[in-house]
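Peer 1: Kindly return the folded structure for what I paste below:
(2 chains)
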Amino acid sequence: MKFGVVVFPGSNCDYDTLYVLKHVFNQKATFLWHKEHDLKKVDCVILPGGFSYGDYLRAGAIARFSPLMLEVQEFASRGGLVLGICNGFQVLQELGLLPGAMLRNKNLKFLCQYVYLRLENNHTPFTLKGRKGQVLKIPIAHFDGNFFAPPEVIQSIKKNEQITLRYCEPNGALSEEANVNGSLENIAGIVNEKGNVMGMMPHPERASESILGSEDGRIIFESIITWSERKR
Amino acid sequence: MKVRVLVLYKESVLDPQGQTVKNALNMLGYKYVKDVRQGKIFELELDQISQEEAEKIIPEISNKVLTNPIIEKFSWEIIE
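Peer 2: Modelled structure (predicted):
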């Protein structure tokens, strides 16, 4: 399958993501420049981490108006797979493809550390290689990852089982301490209602090789690849 | 025409930066400071626009760009 990694001014995980797709998973992968109107016939679009437009105004707020985002919206509406990692998650929220918004972390600190995540739903194209309840160790690196949505939205995403990842203890228990950024419902990752768009604050591309300390992020990419092959 | 747009978190949203400022003020002895909300100010200079048009355009761009309506609210005024 072919992946496209969107590049905004200020993206800084674009090369890591492309590297992992090409050299760890042996997939076709190409950069997609934000100013173009061409998705280059990719099967999955990844919005990488970073600080698009320096996080000016709000994280993801300017990137959301990039020309390529029109194509991404259209691609998503046709059921195409879109994954937003960290800043990419924030862009997808600003675009309205995913619910909620990110507030500053509860302790007002930039958090760069490993976290434990409980996989809540393995019925999505992004998580199907995992088990429900499985605990993953993947790093985060963000200032604004404190997931917020109004109560009625939280209710509906819970009811539709849109929560895919939750911050947890190493044993999988949910706690306030493990919820490092203060997210409502310990939310670290969600999908849209249709399940073809996912956003996650942790960085799976930084946890795909044992030499980097964890391979737990592989589940996300392996799921996408498996889902795409089954569909073919 | 010059317009000032004030953006604040909605009441339902916790403002940890405002809380930190409040705590600092309390620590300095300003005990009567009960709450602080921190926001953003935008000053827009508009050219060749009637007041009527401005009244339509300012809320539009505030909702579309200057705020994220999920967490923020705005108010605005003509200052020049």
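Peer 1: Which residues of chain B lie near chain A?
Peer 2: B:12-14, B:16-17, B:20, B:65-66, B:68, B:70-71 (CB under 8 Å from any CB of the partner chain). Backbone N, C-alpha and C define where each C-beta goes, glycine included.
Peer 1: can you count the residues close to A:I224?
Peer 2: 27 (other CB atoms under 10 Å in any protein chain shown).
Peer 1: So it lies in a helix, does it not?
Peer 2: Yes: assignment of A:I224 by DSSP: H, G, I helix; E, B strand; the rest coil places it within a helix.
Peer 1: Which residue, other than its chain neighbours, is closest to it?
Peer 2: Spatial nearest neighbour of A:I224, chain neighbours left out: A:C44 (5.6 Å); criterion: CB to CB, 6 or more residues apart in numbering or on different chains.
Peer 1: do A:V180 as well
Peer 2: Once flanking residues are discounted, A:V180 sits nearest to A:L111: 5.7 Å by CB to CB, 6+ apart.
Peer 1: The one you found against A:N181, yeah?
Peer 2: Yes: counting by CB atoms under 8 Å, A:L111 does reach A:N181; the two are 6.2 Å apart.
Peer 1: Quickly list what whichever residue of chain A sits closest to chain B is bridged to.
Peer 2: Proximity of chain A to chain B (CB to the nearest CB) peaks at A:A101, 4.3 Å away. Counting by DSSP bridges, A:A101 is bridged to A:F148.
Peer 1: got the contact list for it?
Peer 2: Counting by CB atoms under 8 Å, 6 or more residues apart in numbering or on different chains, A:A101 touches A:93-94, A:148-149, B:68, B:70-71.
Peer 1: now that we have the residues you listed, which one has the most neighbours?
Peer 2: Counting by other CB under 10 Å, top hit in the contacts of A:A101: A:Q93 with 27 neighbours.
Peer 1: That one contacts A:G60, correct?
Peer 2: Yes: between A:Q93 and A:G60 there is a contact at 6.7 Å, judged by CB under 8 Å.
Peer 1: OK, contacts around the residue lying closest to A:E209 once chain neighbours are set aside?
Peer 2: Sequence neighbours aside, A:V24 is the residue nearest to A:E209 in space, at 6.1 Å (criterion: CB to CB, 6+ apart). For A:V24, the contact set (CB under 8 Å, 6+ apart) comprises A:208-209, A:218, A:221.
Peer 1: Could you identify the most distant pair in the residues you listed?
Peer 2: Taking CB to CB as the measure, the contacts of A:V24 span a maximum distance of 11.6 Å, between A:E209 and A:F221.
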